[in-house]
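Asks: Test case, fold it:
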Amino acid sequence: MTIVHITPRAAAVVSRIRGERRGPLTFTIDGGCCEGTAPHLFEDAVITPGAEKVGQVECVAIYLQPAMVPMYADAEITIDVIDEPLSDALSLETAYGLRFVVRDVRALSQK
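Replies: Numbers count the residues shown, from 1 in each chain. Coordinates of the predicted model:
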């Protein structure tokens, strides 16, 4: 089981973006070539078959892509946001010079 948290600053960014959008927001975490395992926030996301919903933060569903499920199967993670004015990712926060990142990945068996 994956447990997901979000920092207050990242939660504020999600809230701001939600206020400017009409469609549902979704976080996806995958092993993409450009952003690695960064969480991406999308509006009206198309969820691939095999993706696994692992939680929800700020009323936003979080999906792991199939290749990431084993890596996070027994982990606790925190979604944070950093300043990154030159990011060219497709995630919604990049329009604000920000980028979501995963922090504090911990195996639950270590607790």
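Asks: all strands of this structure, in order?
Replies: Secondary structure of the chain (DSSP state E): strands at 3-6, 25-29, 39-43, 52-57, 60-64, 75-83, 98-107.
Asks: Any stretches of the chain with poor pLDDT?
Replies: By pLDDT under 70, the low-scoring segments of the chain are 31-36, 108-111.
Asks: repeat that for 80
Replies: The model of the chain has pLDDT under 80 over residues 30-37, 87-88, 104-111.
Asks: And the spatially closest residue to Thr2 that is not a sequence neighbour, how far from Val69?
Replies: Nearest in space to Thr2, with sequence neighbours left out and distances taken as C-beta to C-beta, 6 or more residues apart in numbering, is Val54 at 3.9 Å. (C-beta placed from N, C-alpha, C; glycine too.) Going from Val54 to Val69 by C-beta to C-beta, to the nearest Å gives 8 Å.
Asks: So which of the two has more stuff around it?
Replies: Shown here are Val54 and Val69; by other C-beta atoms under 10 Å, Val54 has more neighbours (21 against 16).
Asks: Please report the distance of that one from Arg21.
Replies: With C-beta to C-beta as the criterion, Val54 and Arg21 are 22 Å apart.
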